[in-house]
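[1] need the 3D shape of this:
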Amino acid sequence: MDNLWLPISIALVLLAYHSINFFKEERESKELDEEILERRNKEFEAIKREQKIREDFTEFDEDDFWEVVDELRLKCKGKYANFYGLFKDHLYKLSNSELVRLHNLLIRLYRDQMNYDVLAAVAIIFKGIDDFRITLFLDVLISQGRVVFKHVSLNVELLLKKDIEEFNYPNKKLDLLEEAIQEVYFKRFEKLLPRIENKELIDIKGEVWEEKDLPIRYSKLLNKFVNS
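    Next up is the predicted model:
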């Protein structure tokens with residue numbers, strides 16, 4: 001029995017040694033992660049301070065944009081995530097000025113299609129309204145092509161005839177087209193997309209509604225996206 005104490009003691013010492021090393025390495029790793037995060041934050045703040053104010057508000061040619069959309073949507077099999085990936089890849093072919101102009105075009109397209117019916121559709125499909133959900137709704141419509149984007153924005157009940165996966169299963173994590181432009185611009189040119197200093201207020205067209213109005217005014221949309 002006494003002969004067992006030596007190997008047991010050695011095992012306990014080794015276990016204690018490895019435990020101390022494990023926690024030491026974990027602490028050092030955490031400290032290193034914090035240092036890296038702090039350095040990256042400082043680098044980003046420096047880049048942000050150098051961000052230029054946008055001076056070029058010309059737009060990417062709209063017809064050319066929709067031609068690209070048509071090419072991409074034929075390859076993406078109706079899935080927005082696939083469209084987003086192809087769209088992002090295409091952005092690397094554009095110059096810095098073309099990326100800025102494309103962003104200008106997107107902003108104008110969003111603004112032109114904004115109305116209270118669109119906001120109602122966003123509220124019903126995505127269970128709430130904020131800038132991200134509104135933009136994602138419009139981005140998904142863009143990925144469906146020019147006709148769908150323009151017509152659905154004018155008459156949201158056309159969604160009743162469409163089978164758009166991202167609207168049927170709205171909990172998927174998806175990214176915005178303008179985020180792709182910002183990311184590609186930063187990766188290619190190591191600077192932030194020029195910021196818009198004075199943003200134009202959006203004139204939301206149509207009849208104002210309150211949440212209590214949705215079941216009456218948009219009953220068909222509710223039946224399709226909520227009650228089905």
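
[2] who are the packing partners of the one helix or strand Leu102 maps to?
    For Leu102, the element it lies in under DSSP states H and E is helix 96-112. Counting contacts by 3 or more Cβ pairs under 8 Å, 6 or more residues apart in numbering; DSSP states H and E, helix 96-112 packs against helix 62-75, helix 131-143, helix 177-189. Quick note: C-beta positions are derived from backbone N, CA and C, even for glycine.

[3] what's in contact with the longest one?
    With Cβ atoms under 8 Å, 6 or more residues apart in numbering as the contact definition, helix 62-75 has outside contacts at 82-83, 86-87, 90, 102, 105, 109, 142-146.

[4] can you select the buried ones from those residues in PyMOL?
    Entered in PyMOL, the line below selects the buried ones among the contacts of helix 62-75, by 16 or more other Cβ atoms under 10 Å:
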select buried, resi 83+86+87+90+102+105+109+142+143+144+146
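
[5] just flag the most distant two among the contacts of helix 62-75.
    Distance extremes for the contacts of helix 62-75: the farthest pair is Asn82 and Leu105 at 21.9 Å, using Cβ to Cβ.

[6] secondary structure class for Glu55?
    Of the three states, Glu55 takes coil according to DSSP: H, G, I helix; E, B strand; the rest coil.

[7] what about the most centrally placed residue in the chain, distance to Phe149?
    In the chain, the residue lying closest to the centroid (Cα atoms, centre = their mean) is Asp175, at 2.5 Å. For Asp175, the distance to Phe149 (Cβ to Cβ, to the nearest Å) stands at 18 Å.

[8] buried ones in stretch 221-228?
    By 16+ other Cβ under 10 Å, the buried positions in stretch 221-228 come out as Leu221, Leu222, Lys224, Phe225.

[9] restricted to helices, list those.
    Among the buried residues of stretch 221-228, the subset assigned to helices under DSSP state H consists of Leu221, Leu222, Lys224, Phe225.

[10] columns distance to Lys191 on top of these, output as JSON lines?
    Output for those, formatted as JSON lines (distance: Cβ to Cβ, whole Å):
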{"residue": "Leu221", "distance to Lys191": "42"}
{"residue": "Leu222", "distance to Lys191": "45"}
{"residue": "Lys224", "distance to Lys191": "44"}
{"residue": "Phe225", "distance to Lys191": "41"}
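
[11] per-domain residue ranges of this structure.
    Following automatic domain parsing, the chain resolves into domains at 1-50, 62-225.

[12] what's the closest of those domains to Asp56?
    Comparison of those against Asp56 by Cβ to Cβ identifies domain 62-225 as nearest, at 5.5 Å.

[13] quick one: that closest one to chain centroid distance?
    On the basis of Cα atoms, centre = their mean, to the nearest Å, domain 62-225 sits 10 Å off its chain's mean C-alpha point.

[14] that concludes my questions; thank you for your assistance.
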